[in-house]
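J.: Make a model of this:
(chains A, B, C and D)
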Protein chains: 2
Amino acid sequence: MARASTTTDVFNAVGDAHRRAILDVLLTGEKSVGAIVGQVSMPQPHVSRHLRVLSEVGLVERRTEGRHRFYRLAPDQLRPLHDWVAKYERAINDRLDRIEDYLTELQRQGEDSDT
Amino acid sequence: MARASTTTDVFNAVGDAHRRAILDVLLTGEKSVGAIVGQVSMPQPHVSRHLRVLSEVGLVERRTEGRHRFYRLAPDQLRPLHDWVAKYERAINDRLDRIEDYLTELQRQGEDSDT
DNA sequence: TTGCCATATTCGCATATGGGTATACGTTTG
DNA sequence: CAAACGTATACCCATATGCGAATATGGCAA
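T.: Residues are numbered from 1 along each chain as shown, chains lettered A, B, ... in the order given. Alright, predicted model coming up:
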């Protein structure tokens, strides 16, 4: 078992720069695979596969129309990411706000870091 | 070239659940490796290596004290993640705010959407 | 100095990933 | 019906990752 499959883990799915590139394109709105391929530097098969991954993680939705497949952002799954980052943002802000308090706390936690 | 190295890409570094677990522990404050090992279910060598990755990406900072190594969150590199998510958050909100507008736009972008 | 503690590094292994290319599948068109 | 188009899938390869275990390194204590 290596790492959580890109198919399972949103974090991991977003970990790939190419996938992020595709998402960026979709940021503009719904796009057909061909349209996406036109905007990113990837062969069509790769785009398709990445779209599949994104789809399985729930970051994009697909709509079929004739022989076209339109992909659209499905931001719901972005939530975990957002929440995760937010959690740290809070911690960061707290620290920046009162550095001295933080340093003091560091002392404590460094000493008896158990709990 | 497979995927951006976990050492280079913050997204990828955070893509590993174990690494996230470690970060979560550090959320409480600075911790020694041993302390971290005590909180997560990983052998010490793994924790050390993950800490190294996190360190190389700039998500954590290290402080040496005697034979102890204290790791602490270095939230600066969290910025890219935050910004990235924020970008999509905006898009999401925009869409939720005016669904009809969005649908209309979909029509346009779909170009030959003439069912 | 010897021995012990805390942490880091190394080696081998199994796995999954991403890349590239060829090709299959479904739909529309002539 | 055949041909063309749009997209998805299959296959093979190189790579890097994470895991596991053993061990090396550095510091402290007796």
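J.: you'd agree A:Glu61 is in a helix?
T.: No. Under DSSP: H, G, I helix; E, B strand; the rest coil, A:Glu61 sits outside any helix and is assigned strand.
J.: what's A:Phe70 sitting at in phi/psi?
T.: Main-chain torsions, A:Phe70, degrees, to the nearest 10: phi -100, psi 130.
J.: in the sheet, who's paired with it?
T.: Under DSSP bridges, the beta-bridge partners of A:Phe70 are A:Ser32, A:Arg63.
J.: close to chain B, is the host helix or strand of A:Leu81?
T.: In this assignment (DSSP states H and E), A:Leu81 forms part of helix A:78-97. Yes. With CB under 8 Å from any CB of the partner chain as the criterion, chain B is reached by helix A:78-97 at A:Leu78, A:Leu81, A:His82, A:Trp84, A:Val85, A:Lys87, A:Tyr88, A:Glu89, A:Ala91, A:Ile92, A:Arg95. Every C-beta, even on glycine, is put in place using the N, C-alpha and C of the backbone.
J.: and the fifth one, how far is that from B:Asp83?
T.: In this view, A:Val85 and B:Asp83 are 9 Å apart by CB to CB, to the nearest Å.
J.: Repeat that for the second one.
T.: Applying CB to CB, the value for A:Leu81 to B:Asp83 is 12 Å.
J.: Settle it for me: which of these two has more neighbours?
T.: Per other CB atoms under 10 Å in any protein chain shown, whichever of A:Leu81 and B:Asp83 has more neighbours is A:Leu81, with 23 against 10.
J.: tell me the contacts of the more buried one?
T.: Applying CB atoms under 8 Å, 6 or more residues apart in numbering or on different chains, one finds that A:Leu81 lies in contact with A:Val10, A:Phe11, A:Val14, B:Leu81, B:Val85.
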